[in-house]
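Enquirer: Can you look at this prediction? I've put the sequence above it.
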Amino acid sequence: MPLFQGQRCGVTGASGSFGRALLLALHRQGAIPVALSSSPGPVRLQDGDQELEIETIAWTVGQEEALRPQLESLQLLVINHGINRMGARDAQSTADSLEVNLSSALRLMELFLKTAKPGDDRELWVNTSEAEVNPAFSPLYEISKRALGQLVSLRRIDAVCTVRRLVLGPFRSALNPYGFMQASGVATAVLRQAAAGRELIIVSPNPLTWLLMPLTCWGRERYYRWFTQRPGP
């Protein structure tokens, strides 16, 4: 059976190239795609000659709590939104990068994890990018994404639902105009690996990413298990 057939699947950053590609790939799998977008107007996708108007939920960074009812209706949430202040190091760019790439993603992650229950087969996917372990030539982007990746490793230890990490290489987008992979191919590869049961999903031509990410995740998880305590009831 196709992945998430007939189930509601939400994607943040839905107006970006990967968000749109993933929504279309989910639609082709028989899922009900839901766009969580901060851009005005509904998200429309082109599937061959057919134009699809996707259910769109408008939201604003900092107002994640308002999404709680919508998150409860999703079988899958993909946290994919982000900004890239390339070349910047000023205070405002630092604050914006941490707010959008880290704090907002963390708030959504916690909201979704609170709504998940054992056995309901819901899933959370977080796009951290290969900036977790490799240079992205954008220090603020790297800092925020690496912190997010560390928190994903920490919080998934006690998660009652499946948490998958998306580690994606350089695909062409507004965040990375120099990327050379196609977002549509990346989205297809992500769904293929998820269907195969992988919780660490890597799509990158860089062999260092394939080597370093599994080692990094393995080491983090053991370190966090040794030096943290299980939450109380």
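Expert: Arrived safely, thanks for sending. For clarity, every value in this text was computed on a predicted model and none was experimentally measured.

Enquirer: and for the worst-scoring helix or strand of the chain on mean pLDDT, what are the contacting residues?
Expert: Using mean pLDDT, DSSP states H and E, strand 43-47 stands out as the lowest-scoring helix or strand of the chain, at a mean of 88. With Cβ atoms under 8 Å, 6 or more residues apart in numbering as the test, strand 43-47 has contacts from 14-15, 20, 23-24, 27-28, 35, 37, 51-54, 56. The C-beta positions use only the backbone N, C-alpha and C, and glycine is treated the same way.

Enquirer: any idea how far the lengthiest helix in the chain is from the chain center?
Expert: Ranked by number of residues, the top helix in the chain under DSSP state H is helix 207-227. Computed by Cα atoms, centre = their mean, to the nearest Å, the chain-centroid distance of helix 207-227 equals 19 Å.

Enquirer: Alpha carbons of it, as PDB, please.
Expert: What follows is helix 207-227, C-alpha atoms only, in PDB (Å, rounded to 0.1, in the frame of the first residue of the first chain):
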ATOM      1  CA  PRO A 207      30.000  10.700   0.800                       C
ATOM      2  CA  LEU A 208      31.100  12.500   4.000                       C
ATOM      3  CA  THR A 209      27.400  13.100   4.800                       C
ATOM      4  CA  TRP A 210      26.700   9.400   4.500                       C
ATOM      5  CA  LEU A 211      29.600   8.600   6.800                       C
ATOM      6  CA  LEU A 212      29.400  11.300   9.400                       C
ATOM      7  CA  MET A 213      25.600  11.600  10.000                       C
ATOM      8  CA  PRO A 214      25.000   8.000  11.200                       C
ATOM      9  CA  LEU A 215      28.100   8.300  13.500                       C
ATOM     10  CA  THR A 216      26.900  11.700  14.800                       C
ATOM     11  CA  CYS A 217      23.400  10.500  15.500                       C
ATOM     12  CA  TRP A 218      24.600   7.300  17.100                       C
ATOM     13  CA  GLY A 219      27.100   9.100  19.400                       C
ATOM     14  CA  ARG A 220      24.600  11.900  20.400                       C
ATOM     15  CA  GLU A 221      21.900   9.400  21.300                       C
ATOM     16  CA  ARG A 222      24.200   7.400  23.600                       C
ATOM     17  CA  TYR A 223      25.600  10.500  25.200                       C
ATOM     18  CA  TYR A 224      22.100  11.900  25.900                       C
ATOM     19  CA  ARG A 225      20.900   8.600  27.300                       C
ATOM     20  CA  TRP A 226      23.900   8.400  29.700                       C
ATOM     21  CA  PHE A 227      23.700  12.000  31.000                       C
END
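
Enquirer: In it, which residues are buried?
Expert: For helix 207-227, burial by neighbour count (16 or more other Cβ atoms under 10 Å) applies to Thr209, Leu212, Met213, Thr216, Cys217, Arg220.

Enquirer: Could you provide those residues in TSV, with additional columns for distance to Leu76 and pLDDT?
Expert: Listed next are those as TSV, based on distance: Cβ to Cβ, whole Å; pLDDT from 0 to 100:
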residue	distance to Leu76	pLDDT
Thr209	24	96
Leu212	27	96
Met213	22	97
Thr216	25	96
Cys217	21	97
Arg220	24	96
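
Enquirer: Tabulate those residues (CSV), appending distance to Pro69.
Expert: As requested, those are exported to CSV (distance: Cβ to Cβ, whole Å):
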residue, distance to Pro69
Thr209, 37
Leu212, 39
Met213, 35
Thr216, 36
Cys217, 32
Arg220, 33
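
Enquirer: residue ranges of the strands in this protein, please?
Expert: 8-12, 32-37, 43-47, 50-58, 76-79, 123-127, 162-168, 200-203 (DSSP state E).

Enquirer: returning to that earlier point: what is the most widely separated pair among the buried residues of helix 207-227?
Expert: Thr209 and Arg220 (15.7 Å; Cβ to Cβ).
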